[in-house]
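In: the sequence and its predicted three-dimensional model are supplied below.
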Amino acid sequence: MQARTPLLPYPAIPQRRPEMTLSPAIFERRESRVRSYSRSFPRLFASAKNATLYGADGRAYIDFLAGCSSLNYGHNDPDMQQALLDYVASDGIAHGLDLFTEAKQAFLAAYEETILKPRGMDYKLMFTGPTGANAVEAALKLARKVTGRTNVIAFTNGFHGMTLGALAATGNASKRDGAGAPLPGIHRAPFEGYFGPDIDTADLLARMLDDPSGGVDAPAAILVEPVQGEGGLNAASPEWLQRIEAIARKHGALFIVDDIQAGCGRTGRFFSFEGFGLSPDIITQAKSLSGMGLPLALALIKPEHDIWKPAEHNGTFRGNNHAFVTARVALEKFWSDDAFAETVRTKGAHLETRLRAIAARHGLAVRGRGMMLGIDTGDPQGAARICARCFDEGLIIETSGSRDEVVKILCPLTIAPADLDRGLDIVADAFEAVLAGEGAFPRAAAE
């Protein structure tokens with residue numbers, strides 16, 4: 001086994017006021033049973049900085065979850081934090097519906113200058129409700145409005161949200177079972193590799209759409225994640241995605257890319273499909289878009305498809321000006337040049353090397369791309385035991401996949417290299433212990 005990397009010294013834990021420390025029993029007494037992450041990580045957390053969460057008892061935990069990729073820039077980035085404090089202290093507008101505000105103006109200008117122009121992209125930004133599901137709902141609704149069709153093609157193992165339209169496009173049975181209503185309007189197609197390496201799933205879809213008796217209604221849109229985060233870190237190849245876009249174009253459907261979890265640098269570029277030669281009609285974003293974990297979601301829409309009537313789609317919290325403030329800082333700090341992306345690619349290569357060594361030792365496979373990687377254990381109970389043991393050793397990490405069989409790493413992209421290695425040491429030890437039959441009692445996997 002590789003020698004453990006020493007843990008970096010952490011800053012002093014802020015003192016908590018006595019009145020802020022409550023009994024955890026309040027959660028059992030008053031919070032809904034629908035909660036999930038707290039079942040896997042049953043601690044009272046008090047503060048956080050970059051890639052470290054601190055319990056109320058002062059214990060430090062390395063964070064390989066990062067708000068499920070909502071904290072790509074870590075917890076409480078000091079520049080975003082200060083900008084938000086200054087904005088609040090100056091009585092900046094917090095809630096603005098879709099009014100013109102200085103905070104929104106500054107964000108739009110930063111997005112145009114740091115993201116759109118350097119990539120030669122021309123999109124309108126539609127601010128939806130505050131979550132990724134809201135952005136997906138808006139994208140599906142607009143595609144149906146533009147084309148006059150209702151059918152949407154989505155893929156096996158895809159995850160797009162928990163509201164009814166986005167949930168219909170989601171593959172996972174346990175999520176779909178919670179709907180309590182039919183989930184129509186979706187044709188499910190196999191993602192790349194679903195039937196193994198010898199079956200061309202893009203060719204299967206093309207044949208079914210070309211055949212008048214193929215049974216697939218002409219689609220309004222084809223919706224796809226370049227890397228399926230919740231579905232098991234399935235990474236589509238550029239060639240397959242190009243084929244899927246070409247199929248959409250041939251059949252008059254909009255090509256929608258869901259970049260909610262895989263975007264904002266997670267795969268080493270701002271968009272997870274950069275360099276693939278794609279030109280989506282709509283791109284959905286959320287999670288790390290605000291930079292600091294504040295709710296913010298949008299749909300990037302090609303101008304010719306922006307045919308909404310005023311207020312035809314809206315949301316009370318589409319004008320989160322606090323999120324505009326932190327998102328602007330994130331764009332200007334991390335995306336004004338390629339320096340940050342290069343560090344992410346370097347860390348991603350190191351992460352892949354470490355994970356491949358762990359996987360090879362146990363005859364397993366690595367899944368994903370960039371800093372969105374994991375090890376497929378093939379065993380949900382084993383993966384749960386590994387994650388539980390990691391937590392006992394001071395590491396927060398979750399599972400993904402159809403049966404929660406993939407141990408998934410989504411650490412902040414800003415994590416210090418020594419902390420990344422320290423966390424990976426814990427992962428390696430957990431695999432060794434659990435697969436040797438010494439694992440902890442399994443807890444339910446977080447979702």
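Out: Now that the structure is in, tell me what you want to look at. Numbering: from 1, shown residues only.
In: so what pLDDT did residue 37 get?
Out: Residue 37 is assigned a predicted lDDT (pLDDT) of 92.
In: correction: residue 24
Out: Looking at residue 24, its pLDDT reads 77.
In: how about residue 21?
Out: For residue 21, the model assigns a pLDDT of 52.
In: what's the neighbour count on the spatially closest residue to residue 80 that is not a sequence neighbour?
Out: Once its chain neighbours are removed from consideration, residue 80 has its nearest residue in residue 326; the separation is 4.2 Å (Cβ to Cβ, 6 or more residues apart in numbering). Every residue, glycine included, has its C-beta placed from N, CA and C. Using other Cβ atoms under 10 Å, residue 326 is surrounded by 27 other residues.
In: tell me the buried residues in whatever helix or strand residue 80 lives in?
Out: Counting by DSSP states H and E, the secondary-structure element that holds residue 80 is helix 78-89. Judged by neighbour count (16 or more other Cβ atoms under 10 Å), helix 78-89 contains these buried residues: 79, 80, 83, 84, 87.
In: same check, this time on stretch 33-47
Out: Residues 40, 41, 43, 46 are the ones in stretch 33-47 that count as buried (16+ other Cβ under 10 Å).
In: residue 67: which of the residues you listed is nearest?
Out: Within the buried residues of stretch 33-47, the smallest distance to residue 67 is 12.6 Å, found for residue 41 (Cβ to Cβ).
In: how close does that closest one get to residue 368?
Out: Counting by Cβ to Cβ, to the nearest Å, the separation of residue 41 from residue 368 is 22 Å.
In: ok so, going back, C-terminal to the helix holding residue 80, what's the next element?
Out: Proceeding N to C from helix 78-89, the next assigned helix or strand is helix 102-111, under DSSP H and E.
In: CA atoms of that next one as CSV?
Out: Output of helix 102-111 as CSV, limited to C-alpha atoms (Å, rounded to 0.1, in the frame of the first residue of the first chain):
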residue,chain,number,x,y,z
GLU,A,102,-27.0,46.0,-11.6
ALA,A,103,-26.1,42.5,-10.4
LYS,A,104,-27.8,40.8,-13.3
GLN,A,105,-26.2,43.2,-15.8
ALA,A,106,-22.7,42.6,-14.4
PHE,A,107,-23.3,38.8,-14.6
LEU,A,108,-24.6,38.9,-18.2
ALA,A,109,-21.6,41.0,-19.2
ALA,A,110,-19.1,38.6,-17.5
TYR,A,111,-20.8,35.6,-19.1
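In: for that helix, packing partners?
Out: With contacts defined as 3 or more Cβ pairs under 8 Å, 6 or more residues apart in numbering; DSSP states H and E, helix 102-111 has these neighbours: helix 321-334.
In: residues in contact with the helix it packs on?
Out: With Cβ atoms under 8 Å, 6 or more residues apart in numbering as the contact definition, helix 321-334 has outside contacts at 73, 77, 79-80, 83-84, 87-88, 92-96, 101, 103-104, 106-107, 110-111, 114-115, 130, 265, 288-292, 294-296, 340.
In: of these, select the buried ones using a PyMOL command.
Out: When burial is assessed using 16+ other Cβ under 10 Å, the buried subset of those is captured in PyMOL by this command:
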select buried, resi 73+77+79+80+83+84+87+92+96+101+103+104+106+107+110+111+114+115+130+265+288+289+290+291+292+294+295+296+340
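In: residue contacts, residue 424?
Out: Shown in contact with residue 424 (Cβ under 8 Å, 6+ apart): 351, 354, 355, 358.
In: mind telling me what element it is part of?
Out: When secondary structure is defined by DSSP H and E, residue 424 falls within helix 417-435.
In: checking the residue lying closest to residue 147 once chain neighbours are set aside next. Helix, strand or coil?
Out: Closest residue to residue 147 in three dimensions, ignoring its sequence neighbours and counting by Cβ to Cβ, 6+ apart: residue 220, at 4.4 Å. Secondary structure for residue 220, judged by DSSP: H, G, I helix; E, B strand; the rest coil, is strand.
In: do residue 356 as well
Out: Residue 356 carries the three-state label helix when classified by three-state DSSP.
In: which strands and helices sit next to the helix holding residue 80?
Out: Helices and strands touching helix 78-89, by 3+ Cβ pairs under 8 Å, 6+ apart, are helix 321-334.
In: pull out the buried positions in the helix it packs on.
Out: For helix 321-334, the buried set under the neighbour-count rule, 16+ other Cβ under 10 Å, comprises 321-331, 333-334.
In: in a helix, residue 53, correct?
Out: No - secondary structure assignment (three-state DSSP) places residue 53 in strand, not in a helix.
In: show the pLDDT at it.
Out: According to the predicted model, the pLDDT of residue 53 comes to 98.
In: could you do residue 219 as well?
Out: You'll see residue 219 listed with a pLDDT of 98.
In: mind checking how far it is from residue 303?
Out: Separation of residue 219 from residue 303 (Cβ to Cβ) stands at 22 Å.
In: now do residue 27
Out: Between residue 27 and residue 303 the computed distance is 47 Å (Cβ to Cβ).
In: same question for stretch 104-117, mean pLDDT?
Out: Per-residue pLDDT values across stretch 104-117 average out to 98.
In: make JSON lines out of the contacts of residue 424 and add neighbour count.
Out: What follows is the contacts of residue 424, written out as JSON lines (neighbours: other Cβ atoms under 10 Å):
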{"residue": "351", "neighbour count": "23"}
{"residue": "354", "neighbour count": "21"}
{"residue": "355", "neighbour count": "23"}
{"residue": "358", "neighbour count": "20"}
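In: so which helix or strand takes in the residue nearest the centre of the chain?
Out: Centrality entry for the chain: nearest residue to the mean C-alpha point is residue 261, 1.8 Å, by Cα atoms, centre = their mean. Assigned by DSSP H and E, residue 261 belongs to neither a helix nor a strand.
In: do I have it right that it meets residue 226?
Out: No - taking Cβ atoms under 8 Å as the contact criterion, residue 261 and residue 226 are not neighbours in contact, 10.1 Å apart.
In: that older thread, more neighbours: residue 27 and residue 303, which one.
Out: Per other Cβ under 10 Å, whichever of residue 27 and residue 303 has more neighbours is residue 27, with 14 against 9.
In: residue 281: which of the contacts of residue 424 is nearest?
Out: Using Cβ to Cβ, the contacts of residue 424 come closest to residue 281 at residue 351, 32.6 Å.
In: appreciated, that's everything.
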